[in-house]
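Q: Pasting a predicted model and its sequence here:
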Amino acid sequence: MVYDRHKTYLFPSIDLRDGKVVRLLHGDYDRQTTYEVDPVEQARHYADAGATWMHVVDLDGARTGTPAHLEQIRAICEATDLRVEVGGGIRSNDTIDGLLACGVKRVILGTAALENWQWFEGLMEHPVYRGRLALGLDARDGKVAVHGWSQQTDTTALALAQHVTDWPLGAIIFTDIATDGTLQGPNVPAASEIAHSTHVPVIASGGVGTLDHLRALRPLPLHGVIVGRALYEDAFTVDEALQVLEKGG
């Protein structure tokens, strides 16, 4: 997998629940917006607009621990040239291997990594996983939440980012839960702190609602920025976001 580690990429997001594209406010499953779009067609739209990466979350998997949208994810990978990263419900080597076999470029581990750290650390010894795994750090007030954000831990995202700084991970996905889905702006200080604390490429998520929000993140040493609701609700286009993040506009 070849990409520019010095470039900030746009990661359009598709969150899947019950086979539909949705967004949750603050990660609350009872505060859901459903978008009447087909996931595969939406992925094609992103690719046609110039995006090279896409972020997919299996919300049912995140909550239950069992991936529920494998066939849709496979269809997205087969229908586009997007480099797809996937999180949600990934708890075993078999699930990781199944996603990679579908064409997924990067697999995100969150709850499973935090609750079985020895297993997660052991994955780093497998050459096939080098650069293909990401650590998902979803934080509320700096502390990591698990099980689809329904359970809070006492572990800070900063401490974990520092701990894995020299691990052969493809990325850290840092999500600020308080801003996620709000369109009110990202937590720039928190994203900056994480990005400056580790050698692992960091992708920021949560709160982006305007191009100015992207401009606020652009100076940070980020590998990418995840954008979901703002694109679905036409706050700006993929092309406009690419101009800001990847082309310096």
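A: Good, I have the coordinates. The structure displayed is predicted, hence computed values, not measured ones.
Q: show me where this protein has strands.
A: Applying DSSP state E to the chain gives strands spanning 9-17, 20-25, 28-35, 53-58, 83-87, 106-109, 133-140, 143-146, 151-156, 171-176, 202-205, 224-227.
Q: Can you list the low-confidence ranges for the protein?
A: 1-6, 27, 248-249 (pLDDT under 70).
Q: let's go with 50 and repeat that
A: 1-2 (pLDDT under 50).
Q: Run through the helices of it in chain order.
A: For the chain, helices defined by DSSP state H occupy the ranges 39-48, 59-64, 70-79, 93-102, 111-115, 117-123, 157-163, 188-195, 211-217, 229-232, 238-245.
Q: Going by contacts, tell me the helices and strands next to the first one.
A: With contacts taken as 3 or more Cβ pairs under 8 Å, 6 or more residues apart in numbering; DSSP states H and E, helix 39-48 sits against strand 9-17, helix 70-79. Bear in mind the C-beta positions are built from the backbone N, C-alpha and C, glycine included.
Q: In TSV, list these along with mean neighbour count and distance to residue 237.
A: Listed next are these as TSV, based on neighbours: other Cβ atoms under 10 Å; distance: least, Cβ to Cβ, whole Å:
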stretch	mean neighbour count	distance to residue 237
strand 9-17	24	11
helix 70-79	18	20
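Q: any idea how far the closest residue to residue 108 other than its chain neighbours lies from residue 188?
A: Here the nearest residue to residue 108 in space, its sequence neighbours aside, is residue 87; by Cβ to Cβ, 6 or more residues apart in numbering that works out to 3.1 Å. To residue 188, residue 87 is 23 Å away according to Cβ to Cβ, to the nearest Å.
Q: Name the residue in the two with the higher neighbour count.
A: Counted by other Cβ atoms under 10 Å, residue 87 and residue 188 do not tie: residue 87 has more neighbours, with 26 against 17.
Q: Tell me how far the more buried one lies from residue 102.
A: 14 Å.
Q: Residue 172 too?
A: From residue 172 to residue 102 the distance is 23 Å (Cβ to Cβ).
Q: Run a quick neighbour tally on residue 81.
A: 8.
Q: How about residue 26?
A: Neighbour number of residue 26 under other Cβ under 10 Å is 14.
Q: beta partners of residue 171?
A: On the basis of DSSP bridges, residue 171 is bridged to residue 134.
Q: Contact partners for it?
A: Residues counted as contacts of residue 171 (Cβ atoms under 8 Å, 6 or more residues apart in numbering) are 85, 106, 134-135, 200-203, 223-224.
Q: ditto for residue 72
A: 16, 19, 39-40 are the contacts of residue 72 under Cβ under 8 Å, 6+ apart.
Q: rerun that using 7 Å as the cut-off
A: 16, 19, 39 (Cβ atoms under 7 Å, 6 or more residues apart in numbering).
Q: Just send those back as a markdown table, with distance to residue 96 too.
A: Formatted as a markdown table, these follow (distance: Cβ to Cβ, whole Å):
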| residue | distance to residue 96 |
| --- | --- |
| 16 | 18 |
| 19 | 22 |
| 39 | 21 |
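Q: for those residues, which one is nearest residue 150?
A: Distances from residue 150 to the contacts of residue 72, taken as Cβ to Cβ, are shortest for residue 16 (17.6 Å).
Q: Just give the number of residues close to the nearest residue to residue 54 once chain neighbours are set aside.
A: The shortest distance from residue 54 to any non-neighbouring residue, by Cβ to Cβ, 6+ apart, is to residue 82 (4.6 Å). Neighbours of residue 82 under the rule other Cβ under 10 Å: 22.
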